[in-house]
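>>> Any chance you can model this:
(one chain, ligands or ions: 1)
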Amino acid sequence: MHLENKIAIVTGASSGIGIEFSKKLVSRGAVVYGLARRLSKLQEVREQIGNKFIPVQMDITKPEDISNWALSTFQDDHLPHILINNAGLGYFGNVEDMSVDDWNTMVNTNLNGVFYLTRKVVPLMKKNDNHCHIINIASVAGLLGNPQISGYNATKFGLRGFSEALFKELRYHDIKVSTMFPGSIDTHFFDTAGGSGTHANMLQASDVADTLLYLLETPDNFLINEITLRPLNPKNPDDL
Ligand SMILES: NC(=O)c1ccc[n+]([C@@H]2O[C@H](COP(=O)([O-])OP(=O)(O)OC[C@H]3O[C@@H](n4cnc5c(N)ncnc54)[C@H](OP(=O)(O)O)[C@@H]3O)[C@@H](O)[C@H]2O)c1
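Below you'll find the model as predicted:
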């Protein structure tokens, strides 16, 4: 896909890899609707990258709000080409210490939120004469279960299943579906997640965003449906 003048939706655009995705898409000439709850952060992103980035205050756990926004934003002559389901969070800890609220917040954000938005965007993409692309941001935690991240694992494994089914459902409508499975990335994710997921040699958001561009810019009949990203050496280089 050529990204110039394409219309993209990026969730979680107020922080971390969502900002980098938005920056790189705008640098290629795309228009980006950046969704997140913190409007002030989204406005800072707009100040940095310009008015091709459109801040949208949205809590993706609210299906009605998503529905109303999609209805009021898109019409037959203004249809989305790209959806990046990126917003997500984790709460880490032993299963007996995890609150029902934290479990539900992870499921509502990482899994239900993806469904609420995707179900509204797919009909718009089906109307689009151009090829379209949905990219879901899972995690290596969508491939491997590990102690203290059971809830997060459950949501990201769920996202993998949703994505694989969707890839097979939408391929004959000229809609690509890809899932990214990154290892630890240096973002604000761990500020709230707790646990010991950080290390001194994490992936950089900008490199993850370059991979996203690569997936998007492949030829129309070429699909990378899953891709795993890891630091080659997760140890602190100063300790070697
Ligand atoms: N960092 C890592 O090590 C890592 C590794 C693998 C995968 N991932 C995945 O990568 C994605 C992005 O994470 P990140 O590392 O960039 O973390 P981050 O810096 O904490 O950013 C998370 C983003 O999600 C948004 N968000 C959270 N709940 C939301 C909601 N209910 N509605 C709308 N937006 C919401 C946040 O915006 P607001 O707070 O403004 O709403 C923020 O923009 C997540 O899906 C995460 O699971 C991260």
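>>> Identify each buried residue in the longest helix anywhere in the chain, please.
As assigned by DSSP state H, the longest helix anywhere in the chain is helix 150-170. Buried residues in helix 150-170, counted by 16 or more other CB atoms under 10 Å: 150-160, 162-163, 166-167, 170. Where you see a C-beta, it was placed from the backbone N, CA and C, and this is true even at glycine.
>>> Tell me how far it lies from the chain's centre.
13 Å (CA atoms, centre = their mean, to the nearest Å).
>>> Quick check: mean pLDDT of it?
Averaging pLDDT along helix 150-170 yields 98.
>>> could you point out which element follows that helix?
As assigned by DSSP states H and E, the chain's next helix or strand after helix 150-170 is strand 175-182.
>>> thinking again about what came up before, is the ligand contacted by the longest helix of the chain?
No - using CB under 6 Å from any ligand atom, helix 150-170 stays clear of the ligand, with a minimum separation of 6.9 Å.
>>> what helices or strands is that helix leaning on?
Contacts defined by 3 or more CB pairs under 8 Å, 6 or more residues apart in numbering; DSSP states H and E place helix 150-170 against helix 100-106, helix 113-127, strand 132-137, strand 175-182.
>>> Now do the strands in the chain.
When secondary structure is read from DSSP state E, the chain shows strands at 7-11, 31-36, 53-57, 82-85, 132-137, 175-182, 226-229.
>>> what comes up buried for the helix-or-strand element of the chain with minimal mean pLDDT?
Here the helix or strand of the chain ranked lowest by mean pLDDT, DSSP states H and E is helix 189-193, holding a mean of 91. By 16+ other CB under 10 Å, the buried positions in helix 189-193 come out as 189-190, 193.
>>> Also within reach of the ligand: list those from the residues you listed.
Applying CB under 6 Å from any ligand atom to the buried residues of helix 189-193, those adjacent to the ligand are Phe189.
>>> tell me which of the buried residues of helix 189-193 is nearest to the ligand?
Phe189 (3.4 Å; CB to the nearest ligand atom).
>>> what's the closest residue to that closest one other than its chain neighbours in contact with, if anything?
Once flanking residues are discounted, Phe189 sits nearest to Gly16: 6.2 Å by CB to CB, 6 or more residues apart in numbering. Residues in contact with Gly16 (CB atoms under 8 Å, 6 or more residues apart in numbering) are 185, 187-189, 205.
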